[in-house]
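>>> Fold the following.
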Amino acid sequence: MDTSIFPAGTVVTDADLLAPRLKDFRNKYEGAAQALLLPRSTEEVAAIVRAAARTGVPVVPQGGNTSYCGGATPDASGDAILIGFDRMVSIREVDAANRSITVEAGVILQTAQEAAASHGLLLPLSLGAQGSCRIGGNIGTNAGGLNVLRYGMTRQLVLGLEVVLADGQIVDTLSPLRKDNSGLRIEDLFIGTEGTLGVVTAVSLSLSPMPVRGATVMLALRDLADAPDLLGRMRAVTGDGVSAFEYVSRASLDLVAALWGRPSHPLTEAFDHAILMEVATSAPSFEIELAVEELLVELMETGIVTNGVIAASEAQRAELWRARETIPEAEVHCGGSLKHDLAVRVSAVPQLVASVVELIEAANLPILPSIYGHIGDGNVHLNLVGRPNAPADILDRAETEVSPQIYDLTRAMGGTYTAEYGIGQAKLDLNLTYGNPGKRYISRIVKRGLDPNDMLNPGKLIDQE
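This next block holds a predicted model:
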């Protein structure tokens, strides 16, 4: 490839620098690329895409490379170029009065959060990978995370975008307006579409008031069936102040304890189901902590909650969340996991969990369920891990024998096989089986209209049937 067609100073071909970009976050996929391009501006991104279009070179945008589905990993052909956003890290504007922030695609999520906080505002998007994931990738995957319950997915935070189309044209809708009925909301075309329709270079996001009071609570439930009612009651007494409502199974916490070599939680009585919740308010005079305490006393008196702890310090709060966020690492430590990123209606979560546990027991395989997730918005990470001394191929067997039953059950309950991780290249086959046919049909039409030569992140998200 003639690299002189690209802007000077943007091309990286050194094999050692390319290597970490060619493997996905989970080391499941490994591809090849002709070069890594590191533009410094939107104009340079446009020039790169135009040059690639002229020469028929596929383009794979890559943010922090934290996708669980291989969504930012090129295929093995070696035909593509990667576009990285390491140099596009400008905080273009924080408008405190408008409660908005405009940032370039390469900005690390945590950096954007800190920029908002310096103006007394909250960027509510919060992920376990926020110290390494980039805003552009958050847009491309419509990232969810811990605060979806209160603030919504990334899509709900986007006020405007700057994006480069497959022909190199720049489309700018960055003006952070909350009302604009001047036509189609075209931003939605580029949110959650994994760089297959355009290359996002900047985004304007909505900010929220910074919470000034709150509480972090871990409690043990008598029965997971009580969780939806508990969430409703907690929302009622806190003025809809529940920002996170996480389910963690005892099995998942036991995996963390095995990794740490010490207890992973402060609960003192035996339990199967735990809830980790965060409540917060931006009203200094609202004693939200007292409201939580009073409800917990009532719940413990009735037996719905069997044990509970309210974090007494920031250190204890951080430790509670650290246990929740360490579960994926703990799964790796015990030999890896077979992941299922599911979502059903909040009211159906207890039935889904109970039914899947029954499926696993009936399969009679040496596997254990590691179940956790954002059940306040219906999202359950239902992962399978091998028991000690299980055969090396046990997860492959489980994928063949158990996973289809899990996905069939989820579909029968009106749910989805991919709640927040996306499709990438890992779930294309699942999309053919479990995806909505109407959505797939329209997706192909849009793809052909915006990228007729399939040059933007080919082999991801959208099947070409």
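>>> Every contact and neighbour count from this point should use C-alpha atoms.
Noted.
>>> okay, now residue 38: neighbour count?
Other residues near residue 38 number 21, with proximity taken as other C-alpha atoms under 10 Å.
>>> Same question for residue 390.
The local packing count at residue 390 equals 14, with neighbours defined by other C-alpha under 10 Å.
>>> List the contacts of it.
Residues near residue 390 by C-alpha atoms under 8 Å, 6 or more residues apart in numbering: 366-367.
>>> That one: helix or strand, and which one exactly?
Assignment of secondary structure by DSSP states H and E places residue 390 within no helix or strand.
>>> Domain ranges for this structure, per the record?
Under the assignment the TED database, the domains of the chain span 11-84, 91-209, 211-330, 335-419.
>>> Mind putting those into CSV with mean pLDDT and distance to residue 425?
Output for the domains of the chain, formatted as CSV (pLDDT from 0 to 100; distance: least, C-alpha to C-alpha, whole Å):
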stretch, mean pLDDT, distance to residue 425
domain 11-84, 96, 6
domain 91-209, 97, 10
domain 211-330, 97, 21
domain 335-419, 97, 13
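>>> I'd like these laid out as TSV, including distance to residue 431.
Rendered in TSV, the data for the domains of the chain read as follows (distance: least, C-alpha to C-alpha, whole Å):
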stretch	distance to residue 431
domain 11-84	13
domain 91-209	14
domain 211-330	24
domain 335-419	8
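>>> Quick one: closest of the ones you listed to residue 447.
Go through the domains of the chain one by one with C-alpha to C-alpha and the one that ends up closest to residue 447 is domain 91-209, at 6.3 Å.
>>> end to end, how far does the closest one reach?
Its start and end residues considered, domain 91-209 measures 19 Å (C-alpha to C-alpha, to the nearest Å).
>>> so what's residue 30 up against?
22-24, 73-76.
>>> Over to residue 252?
327, 370-372.
>>> possible to save those residues as JSON lines with neighbour count, secondary structure and distance to residue 41?
Conversion of the contacts of residue 252 to JSON lines gives the following (neighbours: other C-alpha atoms under 10 Å; DSSP: H, G, I helix; E, B strand; the rest coil; distance: C-alpha to C-alpha, whole Å):
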{"residue": "327", "neighbour count": "22", "secondary structure": "helix", "distance to residue 41": "38"}
{"residue": "370", "neighbour count": "24", "secondary structure": "strand", "distance to residue 41": "43"}
{"residue": "371", "neighbour count": "23", "secondary structure": "strand", "distance to residue 41": "42"}
{"residue": "372", "neighbour count": "25", "secondary structure": "strand", "distance to residue 41": "40"}
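>>> who touches residue 111 in this structure?
For residue 111, the contact set (C-alpha under 8 Å, 6+ apart) comprises residue 131.
>>> List phi and psi for it.
Residue 111 adopts backbone torsions of phi -60, psi -40, taken as degrees, to the nearest 10.
>>> measure it to residue 103 for me?
10 Å.
>>> quick revisit: of the domains of the chain, which approaches residue 443 most closely?
With distances scored as C-alpha to C-alpha, the stretch of these nearest to residue 443 is domain 91-209 (9.5 Å).
>>> Distance from the closest one to the middle of the chain?
Between the centre of domain 91-209 and the centre of its host chain there is 14 Å, according to C-alpha atoms, centre = their mean, to the nearest Å.
>>> likewise stretch 451-465?
Going by C-alpha atoms, centre = their mean, the spacing between the C-alpha centre of stretch 451-465 and its chain's C-alpha centre is 22 Å.
>>> C-alpha coordinates for that stretch, PDB please?
Taking only C-alpha atoms (Å, rounded to 0.1, in the frame of the first residue of the first chain), the coordinates of stretch 451-465 have been written out as PDB:
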ATOM      1  CA  ASP A 451     -21.700   2.600   2.700                       C
ATOM      2  CA  PRO A 452     -22.500   0.800  -0.600                       C
ATOM      3  CA  ASN A 453     -19.100  -0.800  -0.900                       C
ATOM      4  CA  ASP A 454     -19.000  -2.100   2.600                       C
ATOM      5  CA  MET A 455     -15.800  -0.300   3.500                       C
ATOM      6  CA  LEU A 456     -16.500   0.800   7.000                       C
ATOM      7  CA  ASN A 457     -15.800  -1.900   9.600                       C
ATOM      8  CA  PRO A 458     -16.800  -4.800   7.300                       C
ATOM      9  CA  GLY A 459     -17.900  -8.100   8.800                       C
ATOM     10  CA  LYS A 460     -19.400  -6.500  11.900                       C
ATOM     11  CA  LEU A 461     -23.000  -5.900  13.100                       C
ATOM     12  CA  ILE A 462     -24.800  -6.000   9.800                       C
ATOM     13  CA  ASP A 463     -25.200  -9.200   7.800                       C
ATOM     14  CA  GLN A 464     -25.100  -8.900   4.100                       C
ATOM     15  CA  GLU A 465     -27.700 -11.500   3.200                       C
END
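>>> quick one: contacts of it?
Residues contacting stretch 451-465 (C-alpha under 8 Å, 6+ apart): 53, 56-61, 71-72, 74-75, 165-166, 193-198, 422-425, 427-428, 432, 440, 443-444, 447-448.
>>> Among those, name the buried ones.
Buried residues within these, defined by neighbour count using 16 or more other C-alpha atoms under 10 Å: 53, 57-61, 71-72, 74-75, 165-166, 193-198, 422-425, 427-428, 440, 443, 447.
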